[in-house]
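> Task: produce atomic coordinates for the following.
(3 chains)
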Amino acid sequence: MEVVQLLVSGLANGCVYGLIALGFVLIYKATEQVNFAQGDFMMLGAFVCLGLTNAHYMGLPFWLAAPLAVVIMAVLGYLLDFFVLRHLFGQSQTAVVILTIALGFVIRFVAGVIWGHEPQTLESPLAVGDFNLGGVVLGMADLAVIVVTVLLTLCLYQFFQRTRLGLAMQAASQNQMAAYFMGIPVKRVQGMIWGLSGAVAAVAGILFASKGAIEISSGLLGIKAFAAAVIGGFGSLPGALMGGLIVGVIEPFASYYFPAGYSQIAPYALLLLVLVFRPHGLFSQVRIKKV
Amino acid sequence: MRIHFKTSYDHDIRLFPDLWSFGVYAALLVIAVILPWLMDDFFLGEVTNVLIWAIAGLGLMLLTGQTGQASLGHAAFLALGCYSCIIFMEQGWPFLIAFPVAGILTGVVGTIIAIPAIRLHGIYLAIATIALSILADDIIVLLDPITDGVSGKFAPMITIFGIEIERWTTPDRFYWLVLAITVLCTLAYRNLLRSPLGRAFAAVRDSEVSASAMGVHIARTKAAAFGLSCAITGLAGALMGFYAGAFNNETFSIVISITLLMMIVIGGLGSIHGAFFGAVVVAFLPQFLSMAKDLVGGSSVAIPGLETGVFGMILILFILFEPMGIYGRWMKIRIWFELFPFARKDMFKRQKSYLKTERLR
Amino acid sequence: MSQLLEIENATLKFGGVVAVNDLSFSVKEGEVYAIVGPNGAGKSTVFNLISRFYDPYAGALRFDGQNLLARSADAVADLGIARTFQNIELFDHATVLQNLLVGRHRHRRTNMVQEMLFTPKVRREEERHRAAVEDVIDFLDLQPYRDKMIAGLPYGVRKVVELGRALASGPRLLLLDEPASGLSVEETQDMRWWIDDIRKQMGITVLMVEHDMGLVSGVSDRVLALADGAKLAEGTPAQVQSDPAVIEAYLGTGVV
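All right, here's what the predicted structure looks like:
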């Protein structure tokens, strides 16, 4: 029973990691850029929703505030690409990595000024109630996280397979030059992908905040989600989700079976092991380029 | 514009292209040496801090600026250098032995870590080094018997040939010690740049295929860069330990890693000057911000995240508008004055460069 | 003249595609040997086999009697094989001089510690390297660009710098991958004289891939025509150009 309980709570956490990782992978696939601020996007999305819905701030009903927060984050993502990242075209990957890390700092500072550094709880209807299924206690929020993640992944999958925009995004991700010649507005598509990943981050943030308190430094979760994305394989959306679930599940088990101090190492140790022993499983890169 | 008439191969090998620049750097060194008589102890401490950051910056610059490998985990090597130096001294080793040995040890560990890491490209290396930096914090706690974990350690007194050196009681001596190490590290760095290994670093950075076609062993060169970089960083870490006086697992956090990388980008990747310029920004930004806050009559309450936020903003502006960093801007201004009034705006136009990824589509 | 480079029954497959098919040829010491063929015939792939960027599926590669397959890419350079690339692979953020000096890397005799201390030995070695590089700069008329960054140089000059970098290594065999592609008529003419001088004055064997038949017939002793990774014809430039199989591969069937 305990094992099942650990598994369930791990899965719920893992879904949040998976959602953040999904944002990384979306952007990486489309632009070969890595958004190290994705975790901070998540945090920002949560706080935007919190600012809209909590009685202390604007007091809008949750079911209005949540979609609004998602839209705001999508617009923010698009604008970010439009004003900042588009101008980095042609600079090295490292420059983008450093830039997005700096962006994370800036987001944390601004969010800290607006919402303060105290942990806050989102007044979310998802946050109330437990289910008891034969001895396994499952929080309403946990259930919501799992359900929403599965639904969102399915939606994204359908979006990429069925819609014109989704197909254009895929094309742009696979070969920018060819997509450009086929008449796909690559730059605008990239902007939309940044918007989409902003929206996904907002969903992740709202769900995360429903599970417990949120604070400015929650954005650092992004690093763990990034590890998840690498573990799962950086190239694919399902891979990102799987990696998130793996990391999410490992954590409660590690803290249950290992002595204190070792448990928080587990995801990173796993990450390093994967990078050392199975780098080819993760790469779509070939070591030597064509000359 | 000065024109150099070259009469022997030594002209290109010399440390300074001409007497003028030799004079400038000599004057700079003289000022640096007599600084303790020109400044009060507080500012001397700040300058010492700049120099220590500059050494760490040189370490990372060798790896990122010269060899093109971004590391977000160099705080781990700062920590290793710091802990090993101070633990050696606690075992009774004199500073003059413990300090270089700590550097070498850090270099060796760095090389060992590099062996799997150098197979990774770009972001994979970045995430691996981030993991390293996070793990270092936990490992220090786990190695409590050696490292004293969360409670941390205190830096002992440095004694060199009977002269006692300590950060607070003898800030001038500590400053001179740091200055000497800075000069030595800078010289070693400069020497590398004018010899085959330094050129091999640049070759690996710009084109791995043609570097190996020219006989450069890619893995070995990257490992050498990693090792050297970590060794210099380790030395800086030890000095940071002495500067701080006390340190624990949280002293060398991931934020330090990131700050270090941002610092060399702001300063200007690929140049020695860049490490120093960046160090000035990092070390003086907190003072500058607190002065600015006083100026606008703000409260004395600390705003959390202000420093990193402003630092991040500065970095974003630099990457967008001056990717060559402060050094790049400085060079442009210098050339403008040297050519005055003949400088044209389009001389400084950025060469359009396209991203070369190693990934095959 | 002895055989300097021998390729025996080399085969290379990319997935299911056969890029080089049971190819054998040899290059004699002191000659200029050209490989021609339509796009995708596997010309550059042959170079990448020799530089050990690709592993052949089957076959043997020997240089001066030594097995190339036992060596890694960087160790091939140590034997005295230098090359240029079809799409110019220079070190963009370094000066022309520094690029040429990297060509001297295979002659490095000092270690890391000596170089950090810049011992007298390092200085002596540096002077030797620089003397060799200055000779190349003089030979290729690169003085105006000596201290310029590669990133700002025009295409034609980069092409010459790449040739210079290969020459600076003091090779026995020089692999030139399309030395004249993208060059103007005048630049191609210069390239032709340089290749002649490289062979005659420096005694370096040249193996080149080239489309420009004017250049090929002007400088090369023997020509190998490739199609679909296999040998089509081999012989003097005149022989190969009049070979019916070559004409067909270039012009297609149906042309009389």
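> didn't residue A:37 look like it was pressed against residue A:220?
No: in this structure, residue A:37 is not within contact of residue A:220 by CB atoms under 8 Å, at 11.1 Å. For every residue, glycine as well, the C-beta is placed using N, CA and C.
> Pick out whichever of these two has more residues nearby.
residue A:37 (26 against 17; other CB atoms under 10 Å in any protein chain shown).
> ok, so what distance separates residue A:113 from chain C?
As judged by CB to the nearest CB, to the nearest Å, residue A:113 and chain C stand 39 Å apart.
> what's near enough to touch that residue?
Neighbouring residues of residue A:113 by CB atoms under 8 Å, 6 or more residues apart in numbering or on different chains: residue B:303.
> what sits against the residue in the stretch 101-250 of chain A that chain B sits nearest to?
In the stretch 101-250 of chain A, the residue that lies nearest chain B is residue A:109 (2.5 Å; CB to the nearest CB). When contacts are counted by CB under 8 Å, 6+ apart, residue A:109 touches B:305, B:306, B:308, B:309, B:310, B:312.
> Out of the residues you listed, the closest to chain C would be?
Distances from chain C to the contacts of residue A:109, taken by CB to the nearest CB, are shortest for residue B:312, at 25.8 Å.
> What strand or helix carries that closest one?
Assigned by DSSP states H and E, residue B:312 belongs to helix B:306-321.
> what's the answer for residue C:175, then?
Per DSSP H and E: strand C:173-177 holds residue C:175.
> Within its sheet, name the partner strands of that strand and how each one runs.
Paired strands of strand C:173-177, with direction, are strand C:81-83 (parallel), strand C:205-209 (parallel) (DSSP bridges).
> Touching that strand from outside, list them.
Counting by CB under 8 Å, 6+ apart, C:4-5, C:27, C:43-44, C:47, C:50-51, C:63, C:80-86, C:163, C:166-167, C:195, C:198, C:204-210 sit against strand C:173-177.
> one more time with 7 Å
Residues outside strand C:173-177 that contact it (CB atoms under 7 Å, 6 or more residues apart in numbering or on different chains) are C:4-5, C:44, C:47, C:50, C:63, C:80-86, C:166, C:198, C:204-209.
> And for stretch C:193-213?
Against stretch C:193-213 from outside (CB under 7 Å, 6+ apart): C:4-5, C:27, C:29-36, C:43-44, C:47, C:140, C:163, C:171-181, C:188, C:216, C:219, C:241.
> Spit out the residues that contact residue A:37 and residue A:220 alike.
The contact lists of residue A:37 and residue A:220 share no entry, where a contact means CB under 7 Å, 6+ apart.
> returning to that earlier point: now do the strand holding residue C:175, average pLDDT.
Strand C:173-177 shows a mean pLDDT of 94.
> Pull out the buried residues from that strand.
C:173, C:174, C:175, C:176, C:177 (16 or more other CB atoms under 10 Å in any protein chain shown).
> between whichever helix or strand comes after that strand and strand C:173-177, how many degrees?
As assigned by DSSP H and E, the chain's next helix or strand after strand C:173-177 is helix C:185-200. Per axes from the mean of the first three to the mean of the last three CA atoms, to 10 degrees, the angle that helix C:185-200 makes with strand C:173-177 is 160 degrees.
> Alpha carbons only: can I get helix C:185-200 in CSV?
Presented in CSV, the C-alpha positions along helix C:185-200 are these (Å, rounded to 0.1, in the frame of the first residue of the first chain):
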residue,chain,number,x,y,z
VAL,C,185,38.7,33.3,-63.2
GLU,C,186,41.7,35.3,-61.9
GLU,C,187,41.7,33.5,-58.6
THR,C,188,41.4,30.2,-60.3
GLN,C,189,44.4,31.0,-62.4
ASP,C,190,46.3,31.9,-59.2
MET,C,191,45.3,28.6,-57.7
ARG,C,192,46.5,26.8,-60.7
TRP,C,193,50.0,28.3,-60.4
TRP,C,194,50.1,27.6,-56.7
ILE,C,195,49.2,24.0,-57.2
ASP,C,196,51.9,23.7,-59.8
ASP,C,197,54.5,25.4,-57.5
ILE,C,198,53.4,23.2,-54.6
ARG,C,199,54.2,20.1,-56.6
LYS,C,200,57.3,21.4,-58.3
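> buried set for that helix?
Buried-residue list, helix C:185-200, by 16+ other CB under 10 Å: C:187, C:188, C:190, C:191, C:192, C:194, C:195, C:198, C:199.
> mean confidence for the longest helix seen in chain B?
Selection of the longest helix in chain B by residue count, based on DSSP state H, yields helix B:218-244. The average pLDDT within helix B:218-244 is 94.
> How about residues contacting the helix holding residue B:312?
By CB under 7 Å, 6+ apart, the list of residues contacting helix B:306-321 reads A:84, A:87, A:95, A:98-99, A:102-103, A:105-106, A:108-109, B:255, B:262, B:265-266, B:285-286, B:289, B:325.
> for stretch C:124-140, same thing?
Outside of stretch C:124-140, the residues within contact range by CB under 7 Å, 6+ apart are B:9, B:12-13, B:195, C:97, C:100-101, C:104, C:107, C:109-110, C:143, C:146, C:160, C:163-164, C:167-168, C:170, C:194.
> Just give the number of residues close to the nearest residue to residue C:162 once chain neighbours are set aside.
Leaving out its chain neighbours, the residue that sits closest to residue C:162 by CB to CB, 6 or more residues apart in numbering or on different chains is residue C:84, at 4.5 Å. By the criterion of other CB under 10 Å, residue C:84 has 27 neighbours.
> what residues are up against residue C:84?
So residue C:84 contacts C:162, C:163, C:166, C:176, C:177, C:179 (CB under 7 Å, 6+ apart).
> where does chain B dip in pLDDT?
B:1-6, B:122, B:297-302, B:342-361 (pLDDT under 70).
> Now do the strands in it.
B:153-154, B:158-160, B:163-165, B:246-247 (DSSP state E).
> Relative to residue A:109, how far out is the residue of the stretch 201-350 of chain B found nearest chain A?
For the stretch 201-350 of chain B, the residue closest to chain A is residue B:309, as judged by CB to the nearest CB, at 2.5 Å. Distance of residue B:309 to residue A:109, computed by CB to CB, to the nearest Å: 3 Å.
> With residue C:207 instead?
For residue C:207, the distance to residue A:109 - CB to CB - is 60 Å.
> Which single residue of the stretch 151-300 of chain B ends up nearest chain C?
Proximity of the stretch 151-300 of chain B to chain C (CB to the nearest CB) peaks at residue B:215, 3.3 Å away.
> Quick check: buried residues in the host helix or strand of residue A:187?
Using DSSP H and E, residue A:187 maps to helix A:186-211. Judged by neighbour count using 16+ other CB under 10 Å, the buried positions of helix A:186-211 are A:186-187, A:189-211.
> Same check on stretch B:169-177?
So, applying 16+ other CB under 10 Å, buried residues of stretch B:169-177: B:170, B:171, B:173, B:174, B:175, B:176, B:177.
> swap in stretch B:155-171?
B:155, B:158, B:165, B:166, B:167, B:170, B:171.
> out of these, which one sits closest to residue B:95?
For the buried residues of stretch B:155-171, the closest approach to residue B:95 (CB to CB) belongs to residue B:158, at 4.6 Å.
> partner residues bridging that closest one?
residue B:165.
> Skipping adjacent residues, who's closest to residue B:120 in space?
Using CB to CB, 6+ apart, the closest residue to residue B:120 is residue B:128 (5.8 Å).
> what about the one you found, neighbour count?
Residue B:128 - counted by other CB under 10 Å - has 27 other residues nearby.
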